[in-house]
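J.: need a 3D model of the sequence below.
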Amino acid sequence: MMYIIGMGHTLKDLSLNSLDALKKSEEVYLESYTSLSNFKIEELENLIGKKVQILNRKGVEEEKPFLKENTALLIYGDPLSATTHLEILQEAEKNNIKVEIIHAPSIMTTIAETGLQLYKFGKTASIPFWTENHKPESFFDYLEQNQSIGAHTLFLLDLDPESDKFLSIHEAISRILEISESRNSSISKETKFIGCARIGMKDAVIKYGNQEELSKVDFGKAPYCLILPGKLNFIEEETITKY
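T.: Predicted coordinates:
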């Protein structure tokens, strides 16, 4: 059996099923490029009693040393939130490898801590780092689609795994406003966003405000995400104004 296991947000999110599977596995791998750990790898190794091998993007998407029997691949959040991990399932099936998925909390569900209702979210988009020669705007296309139906937009902020650097909430808002201005969109400096840091953890920070208001907030350590609310009902509005 090959296991694909969700890590959740913290080490304590590992379920009893997960721990049982990890102890059964001969080799354990952890993908390291979709989020940052809030624990030392040694803590995980002590918990399961075996070595954990860290994989970067190339290791997960190209080399795939975990693609065999009696292995476990640990993934931050829920294991099927990213398309890459769905591709792993397809490849395992082609190679006649039995796979068991063990789910865990993910940003896609814990974002409800903001007070916004999950069924009212539209397409989720990632805001990447920009370079001088590469400034993708596809995330704004998703935003416009969501706004057209009054849906909330969740933005996941990019991670550079080599430097352990996340795009900041302040940078993300600036990107959105820059594109909005070039497209004559209604989003302005007065538009209110919800900035979130470490949501799902005990020290989570959730703040609601416009660009100037959120620029004064110290969100602390990553991971970060940003929400542009769509049409709010009275329960949602009452809840987010507390932030």
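J.: how many other residues sit next to the closest residue to residue 201 other than its chain neighbours?
T.: Of all residues not flanking residue 201 in the chain, residue 9 sits nearest, at 5.3 Å (CB to CB, 6 or more residues apart in numbering). C-beta here means a position set from N, CA and C on the backbone, and glycine is covered the same way. Close neighbours of residue 9, defined as other CB atoms under 10 Å, add up to 23.
J.: what about the closest residue to residue 156 other than its chain neighbours, helix or strand, and which?
T.: Residue nearest to residue 156 in three dimensions, not counting chain neighbours: residue 126, with 4.7 Å by CB to CB, 6+ apart. Element membership for residue 126, per DSSP states H and E: strand 125-127.
J.: which other helices and strands contact that strand?
T.: In terms of contacts (3 or more CB pairs under 8 Å, 6 or more residues apart in numbering; DSSP states H and E), strand 125-127 is packed against helix 138-148, strand 153-157, helix 169-182.
J.: okay, the angle between the following helix or strand past the last one and strand 153-157?
T.: So that's helix 169-182. Counting by DSSP H and E, the next helix or strand C-terminal to helix 169-182 is strand 193-197. Relative orientation of strand 193-197 versus strand 153-157 (axes from the mean of the first three to the mean of the last three CA atoms, to 10 degrees): 40 degrees.
J.: picking up where we left off before, so which of the helices and strands packed on strand 125-127 is the most packed in?
T.: strand 153-157 (a mean of 24; mean count of other CB atoms under 10 Å).
J.: who touches that one?
T.: 107-108, 111, 121-127, 139, 142-143, 146-147, 166-169, 172, 222-228, 230 (CB atoms under 8 Å, 6 or more residues apart in numbering).
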